[in-house]
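Asker: I would like to see how this sequence folds:
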Amino acid sequence: MGAEPENAADIRALARMLDRVDYYRLLKVEPRAPLPQIRKAYHQARRRFDPDSFLQAEGEIRSAVDQIARRITEGYLVLRDARRRSAYDSALAGGTVRYTSELEEASVENDEARGTTPNGQRFSGMAEDEARRGNLPAAIQHMKMALTWEPANESFKRRLSDLESRAS
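Answerer: Residues are numbered from 1 along each chain as shown. So this is what the prediction gives:
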């Protein structure tokens, strides 16, 4: 049996509630914290929960520290990436505290739906405006222009097909 660290009770408590703690609370930063502050908080948290510092602790504590360290890294990887952080913040507002591959896919689909180039976004937006006004021929033309900038955008292709079917 290894020695029990002074903060063993805190480690056990955090490990028990880890699935209910969002990344901001885990890193002890505000949701609007800038990246340098998040980076600093990450490094502080990783030093505090460095698994190598707990090699002499009992197995339960080592396991808990390892789990906490992994979650700290997971949180940092999400919060340092603008797209992931935005998707995470939206999901967090709905009660989700962990970033998942489904959030990643939704974020990518959302980006594609809006367009990934400035001109694709511009013409797609113009198409949406014209469609709302009921001017389907103009909306179709704008979607075709958006597709000239983003020919592989499946979302644009689906919207063009939908507009063309509504126009006929």
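Asker: which helix in the chain runs the most residues?
Answerer: Longest helix in the chain, counting residues (DSSP state H): helix 59-79.
Asker: Low-confidence ranges, this protein, go.
Answerer: Residue ranges of the chain with pLDDT under 70: 1-6, 104-112.
Asker: Give the buried residues for the longest helix of the chain.
Answerer: Applying a neighbour-count criterion of 16 or more other C-beta atoms under 10 Å, the buried positions in helix 59-79 are 61-62, 64-65, 67-69, 71-72, 75-76, 78-79. C-beta: built from backbone N, CA, C; applies to glycine.
Asker: Helices along this structure, start to end?
Answerer: 8-17, 23-27, 35-48, 59-79, 82-93, 101-114, 118-133, 136-149, 154-167.
Asker: other SSEs contacting the second one?
Answerer: Going back to what we said before, that points to helix 23-27. helix 35-48, helix 59-79 (3 or more C-beta pairs under 8 Å, 6 or more residues apart in numbering; DSSP states H and E).
Asker: what's in contact with that helix?
Answerer: Helix 23-27 is contacted by residues 18, 30-31, 33, 38, 41-42, 45, 71-72, 74-76, 78-79, 88, 97, 99 when judged by C-beta atoms under 8 Å, 6 or more residues apart in numbering.
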